[in-house]
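Undergrad: next comes the sequence, and after it the predicted model I'd like to discuss.
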Amino acid sequence: MGSSTNVEATAVGTLSWLASSAGRIAVPVYQRQYRWETSACAQLLADVRAAADGDERRRHFLGSILSAASDDGLILIDGQQRVTTLMLLVAALRHSAGTTAFRAELDRVLLDPADPGRTRLHPHRAWAGLYEAVVLGREHAAVAGTRFEENYTYFRSQIASDDAARIWRGLSRLEHVAITLRPEANAQQIFESLNSTGAPLRDHELIHNYVLMGLAHDEQTAIEDEYWAPIERATGELIGDFFRDLVVLTAGVEPPAQERAVYDAFRREFPRLGLAALREHAASWRELAEVTALILDPAKADDPSVARALHQLATFGASMRPLTMLAVRAWRRGELAAPALVETLTLVESLLLRRMVVGTNRERLVARLCRKWAAGPDELARAMARITPSDERIRLALRYRALPVGGYVLGRLDGAADLPVETADLVVDHVFPIAPGEGWSGDGVRAWRDLSEDEQNSLRALQQTAGNLALIEEPLADAAVGRSFADKTAFYSRSAVPGTRALAELSAWGSGPIGDRSGRLAAEFVRIWPRAATGAIDDDGLTPILDAVRRPGWYPGWQQEFDYVEYRGEHWEVHDLPALFTRVYRRLWADRADEVLAFSAANGGPVYDSQAWASTWVPLGETHWLTTAAAPQYLLHDLQGVLGALGLADEVFVRYEWGMA
């Protein structure tokens with residue numbers, strides 16, 4: 001029987017383990033901040049009291065604590081939340097200790113034997129001063145309101161002097177499995193296994209651990225100071241979003257919205273690295289974090305045209321931020337002139353806004369554009385044009401569909417964007433009102449009650465369209481609300497917005513004038529938000545196979561997921577992943593069998609030279625077999641892999657059934 005040489009696991013009494021640890025217990029720099037709530041402290045204290053009151057042979061098990069030896073003690077890899085809380089409880093108990101001997105026992109647990117002026121537990125240096133101030137009763141301006149202070153105060157409030165011996169007895173009956181790693185152990189893999197249940201670490205916390213865990217302590221500190229801390233400062237609360245964006249722009253795929261997806265994709269893109277390679281990559285991450293800070297606060301851009309373009313693009317959210325990061329980084333490096341950057345950002349904004357106008361999905365677009373970035377501006381423009389609705393579709397949609405982000409769009413179309421700041425408090429007014437009164441009139445002759453049902457329905461259908469909207473100062477809008485058109489013109493004539501003042505020159509309002517205004521606004525719209533003039537086809541709702549949505553298991557609707565598939569220009573009536581998987585492999589086998597075999601050999605399937613086990617098999621020629629028994633998510637993963645390996649992924653598209661994408 002073999003024995004472990006890299007990991008030692010021993011059941012120990014927790015209090016004696018803390019007291020007998022050789023030297024300090026250090027929390028590595030990659031660990032997350034102390035986050036235990038008071039409710040968790042209450043549960044721990046209840047467990048300690050229950051252990052104290054039970055049979056003296058019974059113990060309360062705390063789980064496992066993972067550590068590695070260091071030159072001056074232990075490095076606490078997993079368990080810092082529990083250990084920190086226990087130390088706070090011991091500190092509170094120490095305050096209530098009645099005898100010198102009892103206090104000395106507590107000091108053995110709490111204080112660093114090499115430096116009694118410090119605690120045995122050395123938290124992350126960013127908050128070590130706060131922790132020690134609480135535990136040792138020192139003054140510190142920032143202590144109030146911290147988790148350390150809150151939990152310590154809670155324990156103090158719960159431990160009376162006559163209860164101290166009971167709490168000590170309960171603490172002495174706590175035990176855990178002490179897992180000690182030798183240098184050869186894979187600390188990250190063991191850490192992940194221990195954290196596979198319970199409250200999960202967030203993706204960026206897992207990435208933090210993954211990047212630093214294999215380094216020596218001084219190397220961890222250096223990477224933390226030079227790279228990770230600047231990334232945190234630049235991205236703040238959006239650090240998780242930043243790493244998702246980083247994965248998209250580097251890997252060219254969008255991770256699914258599930259736990260660990262970003263982390264898993266990050267690990268695939270950045271395998272375990274030596275210190276030199278890590279520094280090179282981390283420098284790029286830090287640079288992109290600085291770019292992100294600029295995108296989040298465009299006013300920091302030293303070129304007004306760039307600042308304006310970034311501010312305008314921010315109107316449409318963060319879905320295109322990975323591509324924006326690539327473009328802004330190139331501009332900051334001097335690889336892209338400011339006018340070229342503004343042109344790119346305008347095309348991105350046009351893509352998003354045009355798809356909003358025609359009602360087309362805006363999700364899962366950015367990864368394919370990031371993949372095209374490296375191919376150059378012409379390829380990127382062609383890729384964007386393919387998924388940007390045409391001028392014709394825009395003109396039609398602006399006549400008959402509700403105008404999205406109406407205030408912003410009208411501001412650009414009607415000249416309000418150039419107005420002084422003091423007139424910027426504008427609202428959207430419906431010229432023909434949402435709820436017209438019986439006496440409302442568009443021409444001063446016929447009232448609403450006099451119009452036919454068809455005439456009324458025609459106006460109702462145009463209420464939310466661009467032609468029926470006016471941007472106007474809020475006090476004027478309040479005064480004009482619900483009035484007939486002739487009365488409204490008096491308020492429109494006083495507006496600072498050129499397009500709104502122009503309405504005051506009209507004598508009547510109805511379906512005709514609304515259509516005319518929509519036409520004029522549409523002409524201005526396609527000028528302000530252009531589509532790249534590449535001659536590429538208009539968006540047809542196709543999704544590249546690399547951006548197909550990966551869903552777990554045999555999910556509802558998998559049998560009829562696709563409307564059709566385009567394979568290298570061919571139209572395939574294929575409606576589910578198992579059928580697509582089979583058809584693609586049959587075609588690849590006919591065209592490039594040797595490359596298919598090479599891919600399968602490198603990836604452990606799915607092509608074999610015999611039906612080696614009970615499965616669902618499809619013949620490939622006369623000598624080989626394709627297994628198709630996996631769930632759709634795995635079939636899609638394999639399909640994306642083989643098409644990518646053979647250089648065909650950009651030539652295969654799926655069109656989802658309505659509501660499936």
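TA: Looks like it came in fine.

Undergrad: every contact and neighbour count from this point should use C-alpha atoms.
TA: Fine.

Undergrad: got the domain ranges for the chain?
TA: Here the domain parsing of the chain from automatic domain parsing is 7-199, 211-294, 297-388, 400-528, 543-656.

Undergrad: okay if I get the ones you listed as TSV plus mean pLDDT, distance to E205 and mean neighbour count?
TA: Shown next, in TSV, are these (pLDDT from 0 to 100; distance: least, Cα to Cα, whole Å; neighbours: other Cα atoms under 10 Å):
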stretch	mean pLDDT	distance to E205	mean neighbour count
domain 7-199	82	7	18
domain 211-294	90	9	18
domain 297-388	93	20	18
domain 400-528	91	36	18
domain 543-656	88	24	16
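
Undergrad: now the strands for the stretch 151-300 of the chain?
TA: Applying DSSP state E, counting those that start in this stretch to the stretch 151-300 of the chain gives strands spanning 174-181.

Undergrad: scratch that, the stretch 501-650 of the chain
TA: Along the stretch 501-650 of the chain, counting by DSSP E, counting those that start in this stretch, strands occupy 543-544, 562-567, 570-572, 607-608, 617-620, 624-627.

Undergrad: and the longest one, how far out from the chain middle?
TA: Here strand 562-567 is found 29 Å from its chain centre; the criterion is Cα atoms, centre = their mean, to the nearest Å.

Undergrad: now swap in the third one and tell me
TA: For strand 570-572, the gap between its own C-alpha mean and the chain's C-alpha mean amounts to 35 Å (Cα atoms, centre = their mean).

Undergrad: tell me which strands it pairs with, and in which orientation.
TA: Its sheet considered, strand 570-572 pairs with strand 562-567 (antiparallel) by DSSP bridges.

Undergrad: likewise the fourth one?
TA: Paired with strand 607-608 in the same sheet, following DSSP bridges, are strand 624-627 (antiparallel).

Undergrad: now tell me what touches the longest strand seen in the chain from outside.
TA: When the chain is parsed with DSSP state E, its longest strand is strand 60-70. By Cα atoms under 8 Å, 6 or more residues apart in numbering, the residues outside strand 60-70 that reach it are 47-48, 51, 74-79, 173-183, 191.

Undergrad: cool, stretch 603-619 as well?
TA: Residues from elsewhere that reach stretch 603-619 (Cα under 8 Å, 6+ apart): T582, L597, F599, S600, T623, H624, W625, L626, T627, T628, A629.

Undergrad: also stretch 136-145?
TA: A91, T119, G129, L130, E132, A133, V134, E149, E150.

Undergrad: likewise for stretch 149-160?
TA: Identification of contacts with stretch 149-160 by Cα under 8 Å, 6+ apart yields 37-38, 41, 85, 88-89, 91-93, 95-96, 134-135, 143-144, 167.

Undergrad: can you tell me the centre-most residue of the protein?
TA: Centroid check for the chain by Cα atoms, centre = their mean gives D241 as the closest residue, at 3.6 Å.

Undergrad: on that earlier part again, make CSV from the contacts of stretch 136-145 and add secondary structure and distance to L469 to it.
TA: Formatted as CSV, these follow (DSSP: H, G, I helix; E, B strand; the rest coil; distance: Cα to Cα, whole Å):
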residue, secondary structure, distance to L469
A91, helix, 67
T119, strand, 67
G129, helix, 59
L130, helix, 57
E132, helix, 62
A133, helix, 61
V134, helix, 61
E149, helix, 56
E150, helix, 54
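
Undergrad: dump those residues to TSV, plus distance to Y634.
TA: TSV is the format used below for these (distance: Cα to Cα, whole Å):
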residue	distance to Y634
A91	52
T119	51
G129	49
L130	48
E132	51
A133	53
V134	52
E149	49
E150	48
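
Undergrad: spit out the contact partners of the nearest residue to W572 once chain neighbours are set aside.
TA: Nearest non-adjacent residue to W572, counting by Cα to Cα, 6 or more residues apart in numbering: V565, 5.0 Å away. If a contact means Cα under 8 Å, 6+ apart, then V565 has H571, W572, E573, V574, H575, V652, F653, V654, R655 as its contacts.

Undergrad: over to L174?
TA: Shown in contact with L174 (Cα under 8 Å, 6+ apart): G13, T14, L15, V48, A51, R59, H60, F61, L62.

Undergrad: kindly indicate which of those residues lies nearest G415.
TA: L62 (66.5 Å; Cα to Cα).

Undergrad: against G13, how distant is that closest one?
TA: 10 Å (Cα to Cα, to the nearest Å).
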